[in-house]
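S.K.: Sequence plus predicted model, see below.
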Amino acid sequence: VMSLFTRFVEIGRVVLVNYGPYEGKIAVIIDVIDQNTALVSGPQKITGVPRHALSFKRMSLTDIKINIERSVRQKALIKAFTEGQVLEKWEKTSWAKKRAARVKRANMNDFDRFKAMLAKKRKSHIVQDAQRKLIKASRTK
Amino acid sequence: MPKQLARGVPLLSRSARYKKSGKWAVKHRGPVEGQVKKSKAVVTTKTEKKLGKKGTRTVVRPRSPRFYPTEHVPTKLYSRPPRPPKIRPSLVPGVVLIVLAGKLRGKRVVLLKVLPSGLLLITGPYKINGVPLRRVNPRYVIATSTKIDVSAVEVPAQLNDEFFKKPANSAPKKSQEEFFEGDKKDKKKEISPERKELQKTVDNQILPIISNQEYLKEYLNAHFGLNKGEYPHLLKF
């Protein structure tokens, strides 16, 4: 059976918090409270998200999952989190990279924007040169 | 904080208000030029008036003054000595500025110092973008976060507001014929060799500092412009 869904709300699922004071941080689902809320924890020492109830509407599920028991406490959670290399895996995803790039772009100052413009020009020169060579080569064949 | 406890009842008593106003700290001001001091002693005439049974009493009447000025000379009001100008904290010597209005609009220049008049002394440097030593109004300028270390740069003390002020008779008065002839297009503004020398002394100190940082020279040469998707209220400078 082809499963349409790959990301499930389950204990150990790593989520990205979308709304509220911990927006932009990742956390782990430790327990499910009811249809709308989950008990979630950073762990606080690693991601800054404390152990608290979070609505499913305020989070996005990621592909990352760790093996923990229901309602596990901080010490065990930190152990599972670091062993599972969750932060590294998260930072590698293009999702996280795109978020970081957006932040970087917003924080560029005028000089940075100028340097970025120069780099873009240089890149397009290189690409155009290569393109021209390929076109020329295909014509002479 | 209410200034009244109730209508007609102020929050502070008269003595408290006096204390707060700081008037007690104001020292006696010296005499101002042009301020006509009122003489305290009024010249009077005293006459003895006889009052029959009661005896006499002296009537003191001020004598009409011997001198009246023909034109009303207004007494000069006290004006306090000028204080150093208040400037945005982002305007620090060495900062790269974007000039937004005037002939230099769109240019990126280096701030040298804040003059006592409140205007900013800037330079291109001239070799990079053709902007000379000049004064610029801080209101028409965006301060970027790019700074050049100009702590070692000595700005000649000669460069002050007086140096840059236009002479009083700078606009030549045209005769009637000249007025109808129109402007001659080959009128070139001559720059004194003194200015060129000063430009060199300042720029030669700054140029090596600029060449140390990659792309800074190209940055100062380029014009500032808004591109698609760039909104000034969202941009960080």
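M.R.: In hand now; what should we look at? Residues are numbered from 1 along each chain as shown, chains lettered A, B, ... in the order given.
S.K.: and the gap between the residue nearest the centre of chain A and residue B:74?
M.R.: The centre of chain A sits closest to residue A:96, judged by C-alpha atoms, centre = their mean, with a distance of 3.0 Å. Look at residue A:96 and residue B:74: by C-beta to C-beta, to the nearest Å, they are 73 Å apart. Backbone N, C-alpha and C define where each C-beta goes, glycine included.
S.K.: same question, residue B:54
M.R.: For residue B:54, the distance to residue B:74 - C-beta to C-beta - is 47 Å.
S.K.: which bits of chain B sit near chain A?
M.R.: Applying C-beta under 8 Å from any C-beta of the partner chain, one finds that chain B approaches chain A through B:96, B:98, B:108, B:144-146, B:215-216, B:218-219, B:222, B:224, B:234-237.
S.K.: Recalculate using a threshold of 7 Å.
M.R.: B:98, B:144-146, B:215, B:219, B:222, B:236-237 (C-beta under 7 Å from any C-beta of the partner chain).
S.K.: which non-adjacent residue is nearest residue B:85?
M.R.: Nearest residue to residue B:85 in three dimensions, chain neighbours excluded: residue B:118, at 3.5 Å (C-beta to C-beta, 6 or more residues apart in numbering or on different chains).
S.K.: May I have the phi/psi pair for residue 103?
M.R.: No chain specified, so I'll use chain A. In terms of degrees, to the nearest 10, the main-chain angles of residue A:103 are phi -60, psi -40.
S.K.: By mean pLDDT, point me to the weakest helix or strand of chain B.
M.R.: The weakest-scoring helix or strand in chain B, judged by mean pLDDT, DSSP states H and E, is helix B:176-181 (a mean of 66).
S.K.: which is the next helix or strand following that one?
M.R.: Counting by DSSP states H and E, the next helix or strand C-terminal to helix B:176-181 is helix B:193-212.
S.K.: Give the other helices and strands that that next one contacts.
M.R.: With contacts taken as 3 or more C-beta pairs under 7 Å, 6 or more residues apart in numbering or on different chains; DSSP states H and E, helix B:193-212 sits against strand B:120-123, helix B:126-129, helix B:216-221.
S.K.: export these to a markdown table and tack on mean neighbour count and mean pLDDT?
M.R.: Converted to a markdown table, the helices and strands packed on helix B:193-212 look like this (neighbours: other C-beta atoms under 10 Å in any protein chain shown; pLDDT from 0 to 100):
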| stretch | mean neighbour count | mean pLDDT |
| --- | --- | --- |
| strand B:120-123 | 24 | 94 |
| helix B:126-129 | 18 | 93 |
| helix B:216-221 | 18 | 95 |
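S.K.: is any part of the longest helix belonging to chain A close to chain B?
M.R.: Ranked by residue count, the top helix of chain A under DSSP state H comes out as helix A:110-140. Yes. Using C-beta under 7 Å from any C-beta, helix A:110-140 comes into contact with chain B via A:110-111, A:114-115, A:118.
S.K.: Present those residues as CSV; the columns should include pLDDT, distance to residue B:103 and neighbour count.
M.R.: Formatted as CSV, the residues of helix A:110-140 next to chain B follow (pLDDT from 0 to 100; distance: C-beta to C-beta, whole Å; neighbours: other C-beta atoms under 10 Å in any protein chain shown):
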residue, pLDDT, distance to residue B:103, neighbour count
A:110, 94, 21, 19
A:111, 95, 24, 19
A:114, 95, 22, 20
A:115, 95, 27, 16
A:118, 95, 27, 14
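S.K.: just those now: which is nearest residue B:13?
M.R.: residue A:110 (55.0 Å; C-beta to C-beta).
S.K.: show me where the chain has strands.
M.R.: Looking at chain A here, since you left the chain open. Secondary structure of chain A by DSSP state E: the strands cover A:13-17, A:26-32, A:37-41, A:52-55, A:59-65.
S.K.: I was thinking of chain B, sorry if that wasn't clear
M.R.: Remark: strands assigned in chain B by DSSP E are B:4-6, B:9-10, B:44-50, B:56-62, B:95-99, B:108-114, B:120-123, B:134-136, B:141-147.
S.K.: hey, least reliable of the ones you listed by pLDDT?
M.R.: If the strands of chain B are sorted by mean pLDDT, strand B:44-50 sits at the bottom with a mean of 70.
S.K.: so how far is that one from its chain's centroid?
M.R.: How far strand B:44-50 lies from its chain's middle: 57 Å, per C-alpha atoms, centre = their mean, to the nearest Å.
S.K.: what does chain A put close to chain B?
M.R.: Contact residues, chain A versus chain B (C-beta under 7 Å from any C-beta): A:107-111, A:114-115, A:118.
S.K.: Point out where chain A drops to low pLDDT.
M.R.: Applying pLDDT under 70 to chain A picks out residues A:1.
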